[in-house]
Every structure is written in structure tokens, then in C-alpha cells.
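K.L.:
fold the following.
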Amino acid sequence: MTTAVTTRRSARKPKGDGHLRRAEILEAAERIFVAEGYEGATIRKIADEVGVSSTALYMHFPDKGCILLEICERTIIQLLERNAELAAKPLDPVTRVKQMLDSYMRWGLAHPNAYQLVFSGTNPVSDVWAESTAELSARCYEIFSGVVREMAAEGRLRTGTADSAAQVLWGACHGVVALLILRPTFEWAPTEELLQVTLDGLMHGLVVD
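P.N.:
Residues are numbered from 1 along each chain as shown. Next up, the predicted model:
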């Protein structure tokens, strides 16, 4: 399986030319991890991508595992904050669930590298997965599934339970995002149309008006 993700090498930064930002390293590492996998990625390759020496990179991260963990944590924290904000809106649970799924898909498409690293089930992430990251991921899902449980408590589910409905909703949206990222050469319908049809189909199929 191949992806459309490619790496780009920056020109070597001259000595004394500003300070490396951690975000620059993380963005370069995302591209390397996705293109070459965790085992294929090295500190030297990441440093070359950024345009600095390996020694300079080690001043920010002790090893590539720490880089990957920060990418994962940063990604999940952003999704956690979005979910918490949408879940707290004074709207009916059906509307909130739809908004959360829409936000999830749009975020994934806007950040394809980070999305693949965190949500595509690759071994590199699980090999260095920290307990704190797993907890963040669980909290993110719990916020979403909590709103689905509200929906179920109101008798709005056409089929299944709150647990199965939440899992199907998330799984279906994940599938759309993952395929759009991994199969960019397929003749997809316009993205906006795909997202709308996905949400409408899921909500009409599971939710009682």
C-alpha cells in the first residue's frame, strides 16, 4: 500500500540563522513517518528534512519516539478540544453529533499526515504509545459517545444501542477520511458532496426524526 505523501528536503539552515521551532520539526517528522514508516524514519532524515544538523535536532527531542508521541498528543488534544466545545453547545444531541462528525472529517482531511499517524492503526504508533496519549484518545471518544448516549436516551436511535451506534458513526466517517487520504487518484465525487452524503446517510439511517 502506498500513499501520496512525499517528503521535501529543506536547504541546510546556516549557523545562527534563527532558532528551530518545535512545530517545524514535528511537521517534517509527520511527513517522514508517513512516507517511510516509524522504522524507516531516522533522526538524520528528519534533520535533513528540516535543514539542520542531527545535533541541533537532539536539543529539542531525545529520540524519534518522543517526536512521534508529541505528534500524537498534539493531534488528539486538538480533537479533544473541538469535541468538548461542540458537545457543550445548547443544541439537541442529534445536531451536536452531526457537527462533531463533520468536524472530525474536516480536521482529518486538513491534517492528513497527523491523521494517518494517529488513526490509521499503524504499528509505529502502538509501539511507542504512551499511557497519557491513550487516555487523551479515550476522553475524546467518550465525549462523542456521551452525546450519542443522550441521543439514545431520548429514543432517537432507529436501530442498535448507544455503543454500537457511536462506533458505527465513528467507523464510517473514519473510513471516508482514510480512503480520501490514501487513494487520492481515485475519481472521487467533490469532497463537500461526499461529506454531506456521508452525514445525511448515517443520520437518516440511524436517527428517528
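K.L.:
excluding chain neighbours, what is closest to Trp107?
P.N.:
Leu79 (6.5 Å; Cβ to Cβ, 6 or more residues apart in numbering). Glycine gets a C-beta too; all of them are placed from N, C-alpha and C.
K.L.:
contacting residues around the one you found?
P.N.:
104, 107, 140 (Cβ atoms under 8 Å, 6 or more residues apart in numbering).
K.L.:
name the member of the residues you listed with the most neighbours.
P.N.:
Within those, Tyr104 tops the neighbour count with 23 neighbours, counted by other Cβ atoms under 10 Å.
K.L.:
and that one, which of the three is it?
P.N.:
When the structure is split into helix, strand and coil by DSSP: H, G, I helix; E, B strand; the rest coil, Tyr104 lands in helix.
K.L.:
in terms of helices and strands, where is the closest residue to it other than its chain neighbours?
P.N.:
In space, not counting the residues next to it along the chain, Tyr104 is nearest to Cys173; the distance is 5.9 Å by Cβ to Cβ, 6+ apart. Counting by DSSP states H and E, the element that carries Cys173 is helix 162-182.
K.L.:
quick check: buried residues in that helix?
P.N.:
Of the residues in helix 162-182, those scored as buried under the neighbour-count criterion (16 or more other Cβ atoms under 10 Å) are 162, 165-166, 168-170, 172-174, 176-178, 180-182.
K.L.:
what residue is smack in the middle of this protein?
P.N.:
Using Cα atoms, centre = their mean, the residue of the chain that lies closest to the mean C-alpha position is Tyr115, 3.0 Å off.
K.L.:
pLDDT wise, what is the residue nearest to Trp107 at?
P.N.:
pLDDT, the model's per-residue confidence, is 90 for Leu79.
K.L.:
low-confidence regions, this protein specifically.
P.N.:
Along the chain, the parts satisfying pLDDT under 70 run over 1-21, 121-132.
K.L.:
now the helices for this protein?
P.N.:
Listed from the start of the chain, the chain has helices (DSSP state H) covering 22-40, 43-50, 54-58, 64-87, 93-110, 112-119, 123-127, 131-153, 162-182, 191-206.
K.L.:
give me whichever of those is most buried.
P.N.:
Each of the helices of the chain was scored by mean neighbour count; the highest is helix 112-119, a mean of 22, by mean count of other Cβ atoms under 10 Å.
K.L.:
contact partners of that one?
P.N.:
Residues beyond helix 112-119 that count as contacts (Cβ under 8 Å, 6+ apart) turn out to be 3, 5, 27, 30-31, 33-34, 68, 71-72, 74-76, 107-109, 122, 124-125, 137, 174, 177-178, 181-182.
K.L.:
alright, that wraps it up for me.
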